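Q: here is a sequence together with a model predicted from it:
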There are 2 protein chains.
Amino acid sequence: MEFFPHPDRDQIELASVLHALSDPQRLTIVRELAATEEPRACGSFALEVAKSTRTHHFRVLREAGVIRQYRDGTSRLSTLRREDLDARFPGLLNAVLQTAPVA
Amino acid sequence: MEFFPHPDRDQIELASVLHALSDPQRLTIVRELAATEEPRACGSFALEVAKSTRTHHFRVLREAGVIRQYRDGTSRLSTLRREDLDARFPGLLNAVLQTAPVA
């Protein structure tokens, strides 16, 4: 079931996606989501930020159309919208993901 | 001759480039620069923004390593750092450029 607002595929905008990806913590989230097919709980990411900042980062990614979030019991689960992003901006996500993360 | 600070190729960071590209006006600048081999004067771009905002946008692009700027007489000329970007982030610039601009 869907509890959070998400843009439809054709509403996803390039500038918003680039903005969502322009933060190192959000890039970490996207890289970790790209590495699995499984939904991930927000709390399971290795981010060294306060909970409120974490929530903010996930919201920016969701509102830009980069991730999908839904509630499962008391957890908030996230998945990468890879198909939507690949359809809208062919090659963009792969170009971002193949760049090595900053150490 | 070089009058403005620019990051070296290996100092160009993905998050900074994505941030620089995450603004519709800056995307317009990059698209226009990509369409020509010629250096372009800052004032020659069709941007509906104040001069100070225009200067800001060019500085963000330059400091991120997306464009190179130099002075030529009283003009400030810009070129796209396509080779540097392609070397650092293969496929990224093309993925961005092939997305149709928002009308």
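A: Sure thing, it's come through.
Q: dihedrals phi and psi, the spatially most central residue of chain A?
A: Centroid check for chain A by CA atoms, centre = their mean gives residue A:67 as the closest residue, at 3.7 Å. Torsion angles at residue A:67 (phi, psi; degrees, to the nearest 10) stand at phi -130, psi 160.
Q: what sits against residue A:92?
A: A:17, A:85, B:92, B:95-96, B:99 (CB atoms under 8 Å, 6 or more residues apart in numbering or on different chains). C-betas here are computed from N, CA, C, even on glycine.
Q: give me the phi and psi for it.
A: phi -70, psi -50.
Q: model confidence score at residue A:102, please.
A: Looking at residue A:102, its pLDDT reads 61.
Q: check whether the longest helix along chain A contacts chain B.
A: Scanning chain A for the longest helix, with DSSP state H as the assignment, gives helix A:51-64. No. Helix A:51-64 lies apart from chain B when judged by CB under 8 Å from any CB of the partner chain; the minimum separation is 9.6 Å.
Q: stretch A:34-44 too?
A: No. Contact of stretch A:34-44 with chain B (CB under 8 Å from any CB) is absent, the minimum separation being 14.3 Å.
Q: run through who's touching that stretch.
A: So stretch A:34-44 is in contact with A:32-33, A:54-55, A:58, A:69-70, A:72, A:75-80, A:82, A:93, A:97, going by CB under 8 Å, 6+ apart.
Q: just the buried members of the residues you listed?
A: A:32-33, A:54, A:58, A:69, A:76-78, A:80, A:82, A:93, A:97 (16 or more other CB atoms under 10 Å in any protein chain shown).
Q: give me the distance between residue A:61 and residue A:40.
A: 12 Å (CB to CB, to the nearest Å).
Q: show me which residues of chain A are close to chain B?
A: A:13-16, A:18-19, A:21-24, A:27, A:88-92, A:94-96, A:98-99, A:102.
Q: let's see it at 10 Å
A: A:13-27, A:64, A:88-96, A:98-102 (CB under 10 Å from any CB of the partner chain).
Q: so how far is stretch A:92-103 from its chain's centroid?
A: 14 Å (CA atoms, centre = their mean, to the nearest Å).
Q: convert stretch A:4-19 to CSV, retaining C-alpha atoms only.
A: Extracted in CSV, the C-alpha atoms of stretch A:4-19 (Å, rounded to 0.1, in the frame of the first residue of the first chain):
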residue,chain,number,x,y,z
PHE,A,4,3.6,8.7,0.6
PRO,A,5,3.3,11.0,-2.4
HIS,A,6,5.4,10.0,-5.4
PRO,A,7,5.7,11.6,-8.8
ASP,A,8,4.5,9.5,-11.8
ARG,A,9,7.2,8.5,-14.2
ASP,A,10,6.4,11.2,-16.7
GLN,A,11,6.5,13.8,-13.9
ILE,A,12,10.0,13.1,-12.9
GLU,A,13,12.2,16.0,-13.8
LEU,A,14,15.9,16.0,-14.7
ALA,A,15,16.9,19.0,-12.6
SER,A,16,15.1,17.5,-9.5
VAL,A,17,16.8,14.1,-10.0
LEU,A,18,20.2,15.7,-10.4
HIS,A,19,19.6,17.8,-7.2
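Q: good, wrapping up.
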